[in-house]
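Asker: Any chance you could fold what I've pasted below:
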Amino acid sequence: MAELVTELHQRRAAVLDESREAGVQKQHAAGKLTARERIACLFDEGSFTERGALAEPAHETRFTKDLVAPADAVVTGSGRIEGRTVSVASQDMMSLGASGGIVGGAKVEREASLCLSHGYPLVMVMEGGGHRIQEALDSRHIGSAPVNWARFDTLSLLSGWVPVVSAILGPGFAGPSNFAALSDFVVVNRNVSTMGIAGPALVKVATGEDLDQRELGGPELQVDRLGMADLACETDEEALAAIRRFLSFLPSNAQEVPPAADPADVSAPDGAGLLDIVPVEMRRAYDVHRVIEAIVDVGSIFELKPTYARNMVTTFARMNGRSVGVIANNPMHMAGTVDASAAEKGAHFVSLCDAFGLPIISLIDTPGVMVGPTAERSGLVRRMGRLLFEWGNASVPRLAVVLRKAYGAGYPIMGGGRAFDADMCVAWPTAEVVGMQVEGAVDIAFRRDIAGAPDPAAKREEIIADFRTQIGVYQAASGGGIDDVIDPRETRSALLEGLSRTARRKVRKMPPRFHAISPI
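Answerer: Below you'll find the model as predicted:
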């Protein structure tokens with residue numbers, strides 16, 4: 001028995017970083033942590049239990065019989081984050097370039113299945129080039145629904161049941177990007193990460209284009225311009241800390257209540273500054289982040305996609321310790337106009353909040369929806385439809401505050417008024433709720449009257465002035481679409497009162513359908 005136990009400890013030790021010094025040094029030289037170091041950063045100290053440490057590559061063909069990959073290139077198991085169970089699969093770049101093999105994939109599928117059965121989050125920490133070529137060129141394997149990571153159908157079942165998170169912390173073409181696309185939150189290391197359908201070698205063979213990894217799928221493209229990832233961090237440690245922070249706002253599964261901070265530990269912001277943030281002049285810009293900071297608990301903001309579609313802000317925060325989602329137009333960028341990117345960003349956020357029971361606070365200041373040929377070519381119509389679709393299907397509490405402009409389709413698309421039966425909709429005295437900008441509307445509808453007047457400029461101003469008597473915030477409130485007009489300094493207290501009077505979910509009578517069809 002003593003000899004057998006000695007052999008066991010030797011086999012276990014062989015897969016650890018301490019036995020693979022050259023590989024560890026190579027990872028560190030590239031500015032990256034090892035798979036096991038990442039797990040240590042992710043979990044509460046000492047809480048990780050590994051499964052499948054003694055796994056080896058499948059030795060089924062003459063091309064695979066000599067493969068050596070400790071743990072078959074992926075470290076799997078579960079641990080705790082702030083005391084709650086979370087499963088992890090962390091690809092090991094030191095083992096055959098972190099390529100996905102049959103056995104390693106079965107390990108990941110097991111973790112995903114445990115998450116499905118027991119209702120706890122799945123974190124996938126990825127780098128590498130996808131499927132292991134030696135095993136991929138095998139029709140017996142590929143033809144039988146291969147498992148080279150987790151199964152797509154399992155991940156689809158996890159969607160909306162438990163949080164699914166991906167970190168791409170190195171080259172992540174092919175497999176890693178495919179699985180990231182099915183995740184609720186994706187974080188990358190801005191200095192070393194890449195994403196995309198195929199890497200430079202395959203692209204050159206397929207198209208003849210000779211591109212380096214960053215040109216093809218660096219964070220400047222995939223994070224800042226396309227929003228494929230939610231956040232880019234400077235180091236692996238920061239990325240893993242971001243995952244911990246993301247999960248801190250969400251329940252372990254959709255049947256649980258989101259975690260809350262102790263109200264005794266909450267610092268309330270100084271809302272007095274709200275009077276000076278939003279200009280009365282409609283054309284003057286301001287940063288809506290300052291409004292959010294003056295409303296939510298101090299230090300509680302965790303923004304998603306901060307560098308993508310900056311005209312729309314989507315952020316987690318807390319209100320008196322309670323997790324909420326905040327969606328807001330940002331007049332600092334494109335005047336807060338809703339374009340295709342902003343609509344898509346907002347739609348995913350509303351869906352995420354609704355899946356895991358976070359009330360949604362909407363801060364509205366938009367001149368409406370983008371128009372023109374560029375907007376049409378971006379598929380804006382369907383992307384607008386996706387945001388409207390998500391509002392229509394959401395059952396969590398929804399509270400709207402009209403800060404200033406609420407023009408045209410921009411009002412309902414931000415969840416304002418009675419369009420989607422907001423549980424509370426209040427407005428500041430600066431608010432203006434109208435079908436479209438007055439000047440533009442007058443120029444279209446009264447162009448003949450203006451052109452035929454003795455003094456066209458004076459006639460135009462006269463008509464505009466008449467319409468302005470109809471579009472003030474008190475006119476909006478008089479029709480019942482706005483619940484109240486409030487002092488901006490009362491915004492936090494009004495929202496807290498509104499949240500206190502809403503159930504976790506609305507009871508809604510649903511038709512006997514099986515699947516709602518998303519516009520996208």
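Asker: Need phi/psi at residue 315.
Answerer: Dihedral angles phi and psi of residue 315 (degrees, to the nearest 10) take the values phi -150, psi 140.
Asker: So it versus residue 251, what's the distance?
Answerer: Between residue 315 and residue 251 the computed distance is 18 Å (CB to CB, to the nearest Å). The C-beta positions use only the backbone N, C-alpha and C, and glycine is treated the same way.
Asker: Which parts of the stretch 251-400 of the chain are strands?
Answerer: For the stretch 251-400 of the chain, the strands defined by DSSP state E, counting those that start in this stretch occupy 302-304, 312-319, 322-329, 360-366, 398-407.
Asker: quick one: strands adjacent to the shortest one?
Answerer: Just to be clear, that refers to strand 302-304. strand 312-319 (antiparallel) (DSSP bridges).
Asker: which regions of this structure sit below the pLDDT cut-off?
Answerer: Counting by pLDDT under 70, the chain shows low-confidence ranges at 59-66, 140-141, 143-149.
Asker: list the contacts for residue 315?
Answerer: For residue 315, the contacting residues are 292, 301-304, 325-326, by CB atoms under 8 Å, 6 or more residues apart in numbering.
Asker: Would you format these as TSV with neighbour count and distance to residue 490 included?
Answerer: Below are the contacts of residue 315 laid out as TSV (neighbours: other CB atoms under 10 Å; distance: CB to CB, whole Å):
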residue	neighbour count	distance to residue 490
292	21	16
301	16	21
302	16	25
303	16	25
304	21	28
325	23	21
326	27	17
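Asker: I'd like to know which of the residues you listed is nearest to residue 216.
Answerer: Distance to residue 216, by CB to CB, is smallest for residue 304 among the contacts of residue 315, at 24.5 Å.
Asker: And the closest one, how close does it get to residue 327?
Answerer: Distance, residue 304 to residue 327, by CB to CB: 10 Å.
Asker: Same check on residue 291?
Answerer: 13 Å.
Asker: what residues are shared contacts of these two?
Answerer: By CB under 8 Å, 6+ apart, the residues touching both residue 291 and residue 327 are residue 363.
Asker: Tell me who's in contact with residue 501.
Answerer: If a contact means CB under 8 Å, 6+ apart, then residue 501 has residue 423 as its contacts.
Asker: mind redoing it with 7 Å?
Answerer: If you count contacts by CB atoms under 7 Å, 6 or more residues apart in numbering, residue 501 has none.
Asker: same question, residue 401
Answerer: With CB under 7 Å, 6+ apart, residue 401 has these contacts: 363-364, 426, 491.
Asker: Now for residue 67, how many residues are close by?
Answerer: Residue 67: 19 surrounding residues under other CB atoms under 10 Å.
Asker: just checking, residue 77 is part of a helix?
Answerer: No - residue state for residue 77 (DSSP: H, G, I helix; E, B strand; the rest coil) corresponds to strand; a helix is not indicated.
Asker: wait, isn't it in contact with residue 48?
Answerer: Yes - between residue 77 and residue 48 a contact is recorded at 5.9 Å, counting by CB atoms under 7 Å.
Asker: Spit out the residues that contact these two alike.
Answerer: Between them, residue 77 and residue 48 share no contacting residue under CB under 7 Å, 6+ apart.
Asker: between the contacts of residue 401, which is nearest residue 370?
Answerer: residue 364 (16.2 Å).
Asker: what does stretch 218-235 rub up against?
Answerer: Counting by CB under 7 Å, 6+ apart, residues outside stretch 218-235 touching it are 185-191, 193-195, 239, 242, 304-305, 307-309, 341, 345.
Asker: hmm, 8 Å instead?
Answerer: Contacts with stretch 218-235, where a contact means CB under 8 Å, 6+ apart, come from 31, 168, 177, 180-181, 185-191, 193-196, 214, 239, 242, 304-309, 341, 344-345.
Asker: Touching, residue 485 and residue 430? I think so.
Answerer: No - counting by CB atoms under 8 Å, residue 485 stays clear of residue 430, with 10.0 Å between them.
Asker: joint contacts of the two?
Answerer: Here residue 485 and residue 430 share the contacting residues residue 473, scored by CB under 8 Å, 6+ apart.
Asker: before we move on, the earlier item: export the contacts of residue 315 as CSV, with columns for distance to residue 496.
Answerer: As requested, the contacts of residue 315 are exported to CSV (distance: CB to CB, whole Å):
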residue, distance to residue 496
292, 15
301, 17
302, 19
303, 21
304, 23
325, 16
326, 14
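Asker: farthest pair in those residues?
Answerer: Spanning the widest gap among the contacts of residue 315 are 292 and 304, at 13.0 Å by CB to CB.
Asker: show me where the stretch 151-300 of the chain has helices.
Answerer: In the stretch 151-300 of the chain, the segments counted as helices under DSSP state H, counting those that start in this stretch are 152-158, 175-180, 200-207, 213-217, 219, 236-248, 274-277, 288-293.
Asker: can you list those in a markdown table and add distance to residue 134?
Answerer: Below are the helices of the stretch 151-300 of the chain laid out as a markdown table (distance: least, CB to CB, whole Å):
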| stretch | distance to residue 134 |
| --- | --- |
| helix 152-158 | 22 |
| helix 175-180 | 15 |
| helix 200-207 | 16 |
| helix 213-217 | 23 |
| helix 219 | 31 |
| helix 236-248 | 28 |
| helix 274-277 | 60 |
| helix 288-293 | 50 |
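Asker: quick one: contacts for residue 484?
Answerer: When contacts are counted by CB under 8 Å, 6+ apart, residue 484 touches 426-427, 477, 494.
Asker: now residue 259
Answerer: 82, 84, 248-251, 323.
Asker: Looking at the residues you listed, which is nearest residue 273?
Answerer: Distances from residue 273 to the contacts of residue 259, taken as CB to CB, are shortest for residue 323 (24.3 Å).
Asker: my read: that closest one touches residue 258, true?
Answerer: Yes - assessed by CB under 8 Å, residue 323 is found in contact with residue 258 at 4.1 Å.
Asker: Common neighbours of the two, please.
Answerer: Common neighbours of residue 323 and residue 258, using CB under 8 Å, 6+ apart, are 249-250, 358.
Asker: Using the record's assignment, carve this protein into domains.
Answerer: Here the domain parsing of the chain from automatic domain parsing is 2-248, 263-431+472-500, 437-470.
Asker: Mind listing what's buried along the shortest one?
Answerer: The neighbour-count criterion (16 or more other CB atoms under 10 Å) identifies 437-438, 441-442, 446, 450, 459-460, 463 as the buried residues of domain 437-470.
Asker: Spatially, which two of the residues you listed are the most separated?
Answerer: 437 and 459 (18.3 Å).
Asker: sorry, back to before: taking the contacts of residue 484 one by one, which sit in helices?
Answerer: Mapping these onto helices (DSSP state H) picks out 477, 494.
Asker: farthest pair in the contacts of residue 484?
Answerer: Using CB to CB, the contacts of residue 484 reach their maximum pairwise distance at 477 and 494, which is 13.9 Å.
Asker: burial of residue 124, as a residue count?
Answerer: 27.
Asker: And residue 185, by the same measure?
Answerer: Look at residue 185: counted by other CB under 10 Å, it has 22 neighbours.
Asker: again, but for residue 422
Answerer: 23.
Asker: go on, residue 472?
Answerer: Count around residue 472 with other CB under 10 Å applied: 16.
Asker: The nearest residue in space to it that is not next to it in sequence bridge partners, please.
Answerer: Nearest residue to residue 472, sequence neighbours excluded (CB to CB, 6 or more residues apart in numbering): residue 432, at 7.2 Å. Beta-bridge partners for residue 432, by DSSP bridges, are residue 405.
Asker: what do you get for residue 85?
Answerer: Applying DSSP bridges, one finds that residue 85 bridges with residue 80.
Asker: which residues touch it?
Answerer: By CB under 8 Å, 6+ apart, residue 85 lies in contact with 78-79, 118, 120, 252.
Asker: of those residues, buried ones?
Answerer: Among those, those classed as buried by 16+ other CB under 10 Å are 78-79, 120, 252.
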